[in-house]
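Give the three-dimensional model of this entry:
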Amino acid sequence: MNNDRKENYKEAKRKSIAEKALNLIIKKGLSSFTMDEVAKEAGVSKGTLYLYFDSKDSLIITAFSILVERLKKSLEIMIPENTSKEEKARAVIKLYVKVLKEFPSDDLLRLFEILINSIHNKNRAKELTNLFHEYYSQLFEMWEEFVPSKTAAVVLQAMFDGISIYKSVGVEFKEGELCEAFEYIIGKIIS
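Numbering: from 1, shown residues only. Next up is the predicted model:
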């Protein structure tokens, strides 16, 4: 096998394992799934699993990147090209509120823990930096369709991220009221 094919195989295998892990995370939560379960689901030995991911945190980071890809595809499916700005904004808001509602607070706290712990690991910090740079760049581009500047896009995204942090520490919100508040704020920015 030549080097390119070998690297493509490794990357495909790594992604396949991370997808299995993401499915377990969705089913069991970040703290409750085990590396043994991931190995079993992926059809590899635990030793092989650790050849692809040096730790559970590394696997979670890669699984998170797959989740981001899935969310992006969901948005593309939900929003046809000829949709008005207002309808696009409503669809994005509904998706965000759905994710906030369904994502357990314990898992959000675990993600924050991984972020903080990754500061001490240069490779993991770089992996996270790249992941979040790509993620936020795409989000800012999307928001810029609705708002007058990148700065406004950053502020809008910070608002959504802040709600995630509040939820992770137990602040409750009503889904309908949250959607209405976001629609009101985005409506003011759009007009």
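
which outside residues touch the helix or strand bottoming out on mean pLDDT in the chain?
Least confident element among the helices and strands of the chain, by mean pLDDT, DSSP states H and E: helix 105-117 (a mean of 72). With contact meaning Cβ atoms under 8 Å, 6 or more residues apart in numbering, helix 105-117 is reached by 25, 29-31, 57, 60-61, 64, 128, 164-165, 167-170. For glycine as for every other residue, the C-beta is placed from the backbone atoms N, C-alpha and C.

Stretch 33-53 too?
Residues outside stretch 33-53 that contact it (Cβ under 8 Å, 6+ apart) are 10, 13-14, 16-18, 20-21, 23-25, 27-28, 56, 59, 62.

which helix of the protein spans the most residues?
For the chain, the longest helix by residue count, based on DSSP state H, is helix 3-28.

Just the angle for it relative to helix 105-117, thanks.
Between helix 3-28 and helix 105-117, the angle comes out at 140 degrees (axes from the mean of the first three to the mean of the last three Cα atoms, to 10 degrees).

does the spatially most central residue of the chain count as helix, strand or coil?
Geometric centre of the chain, nearest residue: V68, 3.9 Å, by Cα atoms, centre = their mean. Recorded secondary structure, V68: helix (DSSP: H, G, I helix; E, B strand; the rest coil).
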